[in-house]
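S.K.: Give me coordinates for this.
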Amino acid sequence: MNRNRNQNNRNKNNKQVPKLTLWQLIWRSVVRSFRYIKNNPWRSLAVFMVIAYLVIQFHYCEGDWLLYANRNIRMARFTIKAYYWLLTLRFTVQWFPNINPYIHPLYGLIWATDLFLRQFENFLPDILGLDMSSMCAFACLEWMMQTLDAMYVIMNVPADFIA
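M.R.: Just a heads-up that it's a prediction; the model follows:
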């Protein structure tokens, strides 16, 4: 009888886990980040306001979708660059041991950047005792800024130049 139990336990432990694609991992991280919004009415109101703004802006851009796309690319790049500097400020403040980061203005900075940094926790192992998740976060933000720059340049190429 014990032999059957051990055999069943071995079968349960040897289940093969399906491999996830990159898009499935990205989707799971997006869904996981939206769980933080769930029980806070202020955050859900902010998400609603952003969605409403995008719907209204898209409604009023009747044929100028290229101008609309360029404006949104510039706005997204500005937002990412501002977040990049907030992240830089957070790590600069945490570098100095005499500054208490858990008082009101600095704690808001930590709260605003933690949501993004949590996505990179345990992504890379500690190397010589250094946590490399912040390096991954900076690399990701840099990649997003460079990609948006390239998209903006491509969309601003005049039609005579293409033809």
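S.K.: got the contact list for Pro125?
M.R.: Pro125 sits next to Met132 when contact means Cβ atoms under 8 Å, 6 or more residues apart in numbering. (C-beta placed from N, C-alpha, C; glycine too.)
S.K.: Model confidence for it, exactly?
M.R.: Pro125 is assigned 76 on the pLDDT scale.
S.K.: Only alpha carbons, please: show stretch 134-142 as PDB.
M.R.: The C-alpha trace of stretch 134-142 is given here as PDB (Å, rounded to 0.1, in the frame of the first residue of the first chain):
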ATOM      1  CA  SER A 134      17.800  47.500 -11.200                       C
ATOM      2  CA  MET A 135      20.300  47.200 -14.100                       C
ATOM      3  CA  CYS A 136      17.700  45.100 -16.000                       C
ATOM      4  CA  ALA A 137      15.000  47.800 -15.300                       C
ATOM      5  CA  PHE A 138      17.300  50.600 -16.600                       C
ATOM      6  CA  ALA A 139      18.100  48.500 -19.700                       C
ATOM      7  CA  CYS A 140      14.400  48.000 -20.300                       C
ATOM      8  CA  LEU A 141      13.600  51.700 -20.000                       C
ATOM      9  CA  GLU A 142      16.600  52.600 -22.300                       C
END
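S.K.: May I see the buried residues of it?
M.R.: Neighbour counts using 16 or more other Cβ atoms under 10 Å place 134, 136-137, 141 of stretch 134-142 among the buried residues.
S.K.: Just the ones of those in helices?
M.R.: Using DSSP state H, the members of the buried residues of stretch 134-142 that fall within helices are 134, 136-137, 141.
S.K.: which sections of this protein are below the confidence cut-off?
M.R.: 1-27, 29-68, 153-163 (pLDDT under 70).
S.K.: Which neighbouring elements make contact with the longest helix anywhere in the chain?
M.R.: The helix that spans the most residues within the chain, counting by DSSP H, is helix 65-95. Applying 3 or more Cβ pairs under 8 Å, 6 or more residues apart in numbering; DSSP states H and E, one finds that helix 65-95 contacts helix 41-60, helix 104-117, helix 133-155.
S.K.: ok, the buried residues of stretch 134-142 vs Ile80, which is closest?
M.R.: Lowest distance from Ile80 to the buried residues of stretch 134-142 (Cβ to Cβ) belongs to Leu141, with 6.0 Å.
S.K.: quick one, what contacts that closest one?
M.R.: Residues in contact with Leu141, defined by Cβ under 8 Å, 6+ apart, are 80, 83-84, 87.
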